[in-house]
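> no sequence on this one, just coordinates:
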């Protein structure tokens, strides 16, 4: 039973790690592309900086919220999934 | 012809400012609404999750707006090192707060999730509103 619980915990931690890594990778690429385009646009036409900044702000907020969601899911997988209490109890009982 | 182009440009600028104003205002309105609903209908941990998530993401949005405005609006541009440092600091503080909230079971994760969706929901509402305005204009 403890071996199974340990395996489950390892699977959760691995999923959390890979999940946040993939999310950070995707969000980083998305934010980089958006920021590059915005800076290029402002460099070509400095008068449009206000408009570009507003659009960039909304885009970055959307992308960043995706990364925050992934972080929350990863943290839930490690600390707050439904079986976390039972597994902690098992290990405490075993130790 | 030039007059029409100028009018279209002004309308576009107006639309950008209108979206920003709507999103910043709707953030706080949605946050208050969802928090009150949570306090009224949900258990305390769930409501606290909604409040913490909503507050975190709304403050984050306003700080991001301030940083971007300082970084990209001439003539007083701030150094890119400052912008990057502020960005990472903000993100790290958000991460640590979320970690503490979830690790010590201070909040219900589902409530936190709902709270964190406040900004996304307000952006979606702004998009729907702009689409509605666009289609209404075309219909007329």
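Looks like it arrived, so ask away. Please read all numbers here as calculations on a predicted model, not as lab measurements.
> hey, let's count contacts and neighbours off CA atoms from now on
Will do.
> so what's residue A:42 up against?
Contact partners of residue A:42, counting by C-alpha atoms under 8 Å, 6 or more residues apart in numbering or on different chains, are A:48-49, A:52, B:72.
> That one sits in which helix or strand?
Using DSSP states H and E, residue A:42 falls within helix A:2-44.
> between the helix or strand that that helix is followed by and helix A:2-44, how many degrees?
Downstream of helix A:2-44, the next assigned helix or strand under DSSP H and E is helix A:49-75. Here the directions of helix A:49-75 and helix A:2-44 differ by 180 degrees (axes from the mean of the first three to the mean of the last three C-alpha atoms, to 10 degrees).
> on contacts alone, who are the packing partners of helix A:49-75?
Using 3 or more C-alpha pairs under 8 Å, 6 or more residues apart in numbering or on different chains; DSSP states H and E as the contact test, the elements touching helix A:49-75 are helix A:2-44, helix B:2-41, helix B:44-72, helix B:80-103, helix B:109-116, helix B:118-139.
> how about the residues of chain B that lie near chain A?
By C-alpha under 8 Å from any C-alpha of the partner chain, the residues of chain B that approach chain A are B:13, B:16-17, B:20, B:61, B:64-65, B:68-69, B:72-74, B:95, B:98-99, B:102-103, B:105, B:109, B:113, B:116-117, B:119-120, B:123.
> of these, buried ones?
B:16-17, B:20, B:61, B:64-65, B:68-69, B:72-73, B:95, B:98-99, B:102, B:109, B:113, B:116-117, B:119-120, B:123 (16 or more other C-alpha atoms under 10 Å in any protein chain shown).
> now residue A:34: how far from residue A:61?
Computed as C-alpha to C-alpha, to the nearest Å, the residue A:34 to residue A:61 distance reads 12 Å.
> With respect to burial, which of the helices and strands packed on helix A:49-75 scores highest?
Stretch with highest mean neighbour count among the helices and strands packed on helix A:49-75: helix B:109-116 (a mean of 23; mean count of other C-alpha atoms under 10 Å in any protein chain shown).
> Outside of that helix itself, list whatever touches it.
Helix B:109-116 is touched from outside by A:65, A:69, A:72, A:76, A:80, B:31, B:34, B:45-57, B:102, with contacts defined as C-alpha under 8 Å, 6+ apart.
> Alongside chain B, which residues does chain A contribute?
Residues of chain A lying close to chain B by C-alpha under 8 Å from any C-alpha are A:42, A:46, A:49-51, A:53-55, A:57-58, A:61-62, A:65, A:68-69, A:71-72, A:75-76, A:79-80.
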